[in-house]
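In: Sequence and computational prediction follow.
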Amino acid sequence: MNVFSSIWNYKCPKCRKGDLFVKPFKISDPLNMNEKCSHCEQRFEPEPGYFFGAMFISYGWTVWTILAIVGFCMLVLYWTVESSFILVIFISALSYFFIMRISRSMYIHLDMRYDRELASKE
């Protein structure tokens with residue numbers, strides 16, 4: 001599994017086999033993460049407030065997506081600002097949980113390295 005599919009599928013950054021988030025997904029607790037990897041025992045939150053940096057990834061992802069959607073709607077489709085933002089609010093509501101979870105996955109993959117020896121042993 002490469003790094004992009006590991007991020008997309010919310011897998012452990014060290015072994016790329018264990019799950020980052022508790023399954024099944026619950027809307028009442030969307031960021032419920034496993035304490036450690038079920039496969040390699042890697043801790044997913046090494047210190048309190050570890051995922052504070054994931055907010056910046058989430059912010060950048062959201063801002064550029066909103067700019068692209070509004071720009072496309074206004075410049076190509078000739079929509080008004082109001083109708084463009086109604087669409088953005090709708091898309092943002094649908095993608096809220098996905099963006100929160102994918103930004104955490106991206107952040108932990110940026111910080112922790114893949115261990116080829118660990119993956120090849122098992």
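Out: Thanks, I have the structure now. Numbering: from 1, shown residues only.
In: quick one, what contacts Phe4?
Out: Counting by CB atoms under 8 Å, 6 or more residues apart in numbering, Phe4 makes contact with nothing. All C-beta atoms are positioned from the backbone trio N, CA, C, and that covers glycine.
In: how close does it get to Lys11?
Out: Per CB to CB, to the nearest Å, Phe4 is found 11 Å from Lys11.
In: quick one: Tyr114 and Arg16, what's the gap?
Out: 6 Å.
In: just how off-centre is the helix or strand hosting Gly71 within its chain?
Out: Per DSSP states H and E, Gly71 falls inside helix 54-75. Mean-position distance between helix 54-75 and its chain equals 15 Å (CA atoms, centre = their mean, to the nearest Å).
In: Check stretch 12-28 too.
Out: Its chain's C-alpha centre and that of stretch 12-28 lie 11 Å apart, by CA atoms, centre = their mean.
In: CA-only coordinates of that stretch in CSV, if you can.
Out: Listed next in CSV are the C-alpha coordinates belonging to stretch 12-28 (Å, rounded to 0.1, in the frame of the first residue of the first chain):
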residue,chain,number,x,y,z
CYS,A,12,-1.5,3.4,10.4
PRO,A,13,1.4,5.4,9.0
LYS,A,14,4.0,3.0,10.4
CYS,A,15,2.8,-0.4,9.1
ARG,A,16,-0.1,0.7,6.8
LYS,A,17,-2.2,-2.2,8.1
GLY,A,18,-4.0,-1.1,11.3
ASP,A,19,-6.9,1.4,11.3
LEU,A,20,-6.6,4.9,12.6
PHE,A,21,-10.3,5.4,13.4
VAL,A,22,-12.7,3.2,15.3
LYS,A,23,-15.1,1.3,13.1
PRO,A,24,-18.0,1.7,12.5
PHE,A,25,-18.2,5.4,12.0
LYS,A,26,-20.5,7.2,14.4
ILE,A,27,-21.8,10.7,13.7
SER,A,28,-21.9,11.5,17.4
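In: buried sites along that stretch?
Out: The neighbour-count check on stretch 12-28 (16 or more other CB atoms under 10 Å) flags Cys12, Pro13, Lys14, Cys15, Arg16, Lys17, Gly18, Asp19, Leu20, Phe21 as buried.
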